[in-house]
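> no sequence on this one, just coordinates:
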Ligand code: T46
């Protein structure tokens with residue numbers, strides 16, 4: 001399989017429908033994003049200074065959206081690192097397979113909404129950074 005890089009992780013503009021009563025964004029699988037959605041979860045009540053993530057996935061693809069507030073995502077492909085700031089509910093960061101991610105600097109009340117391509121599978125996680133670098137070097 002082709003090696004992935006942090007540059008395969010675009011920030012996608014999502015459709016926004018706005019009127020006097022507010023805004024709505026709908027995300028359609030295989031249309032607004034390139035995968036079928038198997039799972040939705042969200043990170044919230046994150047204490048100031050806490051970092052989430054700290055792992056990569058063998059197969060999982062995900063779209064991260066700042067549904068409320070803001071946070072930063074640090075991406076690492078073993079060669080390049082990239083930091084992405086998310087603060088708009090109508091934008092999503094697509095994280096492809098085999099990318100190390102850390103999510104940090106949550107604003108007060110920040111919510112990270114995640115659309116995932118697979119059901120939860122602990123076996124899909126790489127939680128050892130050195131193993132991740134070894135696997136990336138062998139791709
Ligand atoms: C990722 C970032 C953005 C479940 O039971 N089901 C789930 O679907 C998930 C995601 C987690 N859990 C349990 C497993 C752990 O006992 O929730 C606990 C915390 O999970 P984790 O330490 O993996 O949480 P984060 O915020 O570090 O990472 C999560 C996702 O796991 C990960 O794929 O990219 O959010």
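Arrived safely, thanks for sending. Since we're looking at a predicted model, the values are computed, not measured.
> quick one, what contacts the residue most central in space within the chain?
Centroid-nearest residue in the chain, with CA atoms, centre = their mean: residue 64, separated by 3.8 Å. For residue 64, the contacting residues are 73, 86, 92-93, 95, 103, 112-114, by CB atoms under 8 Å, 6 or more residues apart in numbering. No exception for glycine: its C-beta is placed from N, CA and C like everyone else's.
> For residue 90, which residues are in contact?
Counting by CB under 8 Å, 6+ apart, residue 90 has contacts 13-16, 23, 25.
> and if you look at residue 51?
102-104 are the contacts of residue 51 under CB under 8 Å, 6+ apart.
> For it, what are phi and psi?
phi -120, psi 130 (degrees, to the nearest 10).
> For the ligand, see how far away it is.
8 Å (CB to the nearest ligand atom, to the nearest Å).
> Also residue 85?
Distance of residue 85 to the ligand, given as CB to the nearest ligand atom: 15 Å.
> what do you get for residue 119?
Separation of residue 119 from the ligand (CB to the nearest ligand atom) stands at 8 Å.
> wait, what's in contact with that residue?
38-39.
> Could you do residue 132 as well?
Taking CB under 8 Å, 6+ apart as the test, what residue 132 contacts is 56, 78, 98, 100, 126.
> May I ask which of the residues you listed has the most neighbours?
Ranked by neighbour count (other CB atoms under 10 Å), the contacts of residue 132 have residue 56 at the top, with 27 neighbours.
> Report the secondary structure element holding that one.
Taking DSSP states H and E as the criterion, residue 56 maps to strand 52-57.
> Same check on residue 64?
strand 62-68.
> tilt between the helix or strand that that strand is followed by and strand 62-68?
Where DSSP H and E defines the elements, the next helix or strand beyond strand 62-68 is strand 71-76. Strand 71-76 and strand 62-68 meet at an angle of 160 degrees, taking axes from the mean of the first three to the mean of the last three CA atoms, to 10 degrees as the criterion.
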